[in-house]
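Visitor: Return a 3D structure for these sequence lines:
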Amino acid sequence: MASKSKSKGILVTLLKRWFIDSLGAMALGLFASLIVGVIISDLIAKIPGMGFLMDFLTVSNGSVQGLYLLGASSPVIGSAIGVAIAYGLKHKPLVIFSSAVTGVDFHPVALNRVYKRTVKNA
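Guide: Reported below is the predicted structural model:
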């Protein structure tokens with residue numbers, strides 16, 4: 001009977017760590033990066049003479065329009081989510097830095113999959 005309750009305790013601990021803690025940290029990273037992006041873009045738009053910074057926030061991605069670095073499809077959001085999850089799960093600094101890199105790499109992949117599903121279903 002004691003081993004059953006011990007295994008149940010381990011399962012509850014793991015579920016809490018991987019679902020509650022990691023998803024909470026993911027939401028924190030997502031919303032923090034979006035709020036910071038909105039604040040910076042509003043400051044640039046409202047302060048006179050700061051319009052030249054918009055050139056630094058737009059990167060050409062091989063198309064005519066370019067990629068806006070503070071928008072909702074920004075690779076910065078993937079990086080912020082990766083860092084927030086690693087920090088929320090109390091990993092070492094090297095893991096946190098590597099989470100930033102993998103977040104930048106895989107955020108556009110996830111966005112493309114969601115976009116393709118939405119277009120197919122529409």
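
Visitor: distance of Leu53 from Met26?
Guide: Separation of Leu53 from Met26 (Cβ to Cβ, to the nearest Å) stands at 29 Å. Just so you know, the C-beta spots here come from the backbone N, C-alpha and C atoms, and that holds for glycine as well.

Visitor: I'd like the next helix or strand past the helix or strand of the chain with the lowest mean pLDDT.
Guide: For the chain, using mean pLDDT, DSSP states H and E, the weakest element among its helices and strands is strand 67-68, scoring a mean of 56. Sequence order places helix 75-88 as the next helix or strand after strand 67-68, per DSSP states H and E.

Visitor: So which residues lie in contact with that next one, not counting its own?
Guide: 21-22, 24-26, 28-30, 32-34, 37, 69-70, 95-96, 99-108, 110 (Cβ atoms under 8 Å, 6 or more residues apart in numbering).
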